[in-house]
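Enquirer: Quick one, structure for this:
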Amino acid sequence: MRSRTLTALSALTALTLLGMVPVAQAAGSAAPSSSTEVKPAPDTAQTGDTARAGAAVPGPTLQNARALCYQAHSRNAGWTSVLCTDGAAGFTGTTGQNDPIDRVYFSVYGDLDFNVQLHWSNDGTGAERRVAPGTWAEIYNPNGNALEAIHLRSTNETMKAAAHVQNVGWKGTDLWSYDQWIGSIGEARWMEAFWVAI
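Expert: Prediction:
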């Protein structure tokens, strides 16, 4: 799997050096941003077809139901709580510690159609990635930049979510949606924590 990731990363680098925009990025949803500049995808993903070692998975009755598990890695605190959309309350990340998220992990169960796209400080918006049922993705910025926003999209399940943003607090909506951004773009404020419900 690592060699496929390196091959994909090499292809992305080659396209970038030639001034070309990768197809996956060009087809992705545009981020709500004041800038119209198109940049190469600023993030990298590791993926797998079973839960990552040490990560929580939903209980046996939820394995066949639609469920999303997620986890944040904070720069100073490291990996924080893993949560699944099985009714568990809480958030992943930290609040009140001025500690930015610099990696995220998502795993999908049942027949949930789930896509995620991240916006990074200094680097902009990465490519939208589909996390297929029964698989996981850990997404990070190779430059170590902080996460500012997350784009969540599904074609078969509504979601609501919120993010704890630096010097602002919780930002989100009480509306259920198939497609939404959480966090902040264009405010130079990193994300410190988030939660998702389906």
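Enquirer: what's in contact with stretch 85-103?
Expert: For stretch 85-103, the surrounding residues in contact (CB atoms under 8 Å, 6 or more residues apart in numbering) are 58-59, 62, 66-77, 80-83, 121, 138-141, 144-147, 164, 166, 190-198. Using the backbone N, CA and C atoms, a C-beta is placed for each residue, glycine as well.
Enquirer: would you say H73 is within a strand?
Expert: Yes. Judged by DSSP: H, G, I helix; E, B strand; the rest coil, H73 forms part of a strand.
Enquirer: Going along the chain, name the strands of this protein.
Expert: Ranges of strands in the chain, per DSSP state E, are 44-48, 67-74, 78-84, 92-93, 101-109, 114-120, 124-125, 129-131, 136-140, 147-153, 160-165, 169-172, 179-183, 191-197.
Enquirer: quick one: the longest one to strand 179-183, angle?
Expert: Taking axes from the mean of the first three to the mean of the last three CA atoms, to 10 degrees, strand 101-109 and strand 179-183 form an angle of 150 degrees between their directions.
Enquirer: Can you list the strands that strand 101-109 pairs with?
Expert: Sheet pairing for strand 101-109, assigned by DSSP bridges, gives strand 67-74 (antiparallel), strand 136-140 (antiparallel).
Enquirer: ok, and which of these has the densest surroundings?
Expert: Of the strands paired with strand 101-109, the one with the most neighbours on average (mean count of other CB atoms under 10 Å) is strand 67-74, at a mean of 24.
Enquirer: Got a PyMOL select line for the buried ones in the contacts of stretch 85-103?
Expert: With 16 or more other CB atoms under 10 Å as the criterion, this PyMOL line picks the buried residues out of those:
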select buried, resi 58+62+66+67+68+69+70+71+72+73+74+75+80+82+83+121+138+139+140+141+145+146+147+164+166+190+191+192+193+194+195+196+198
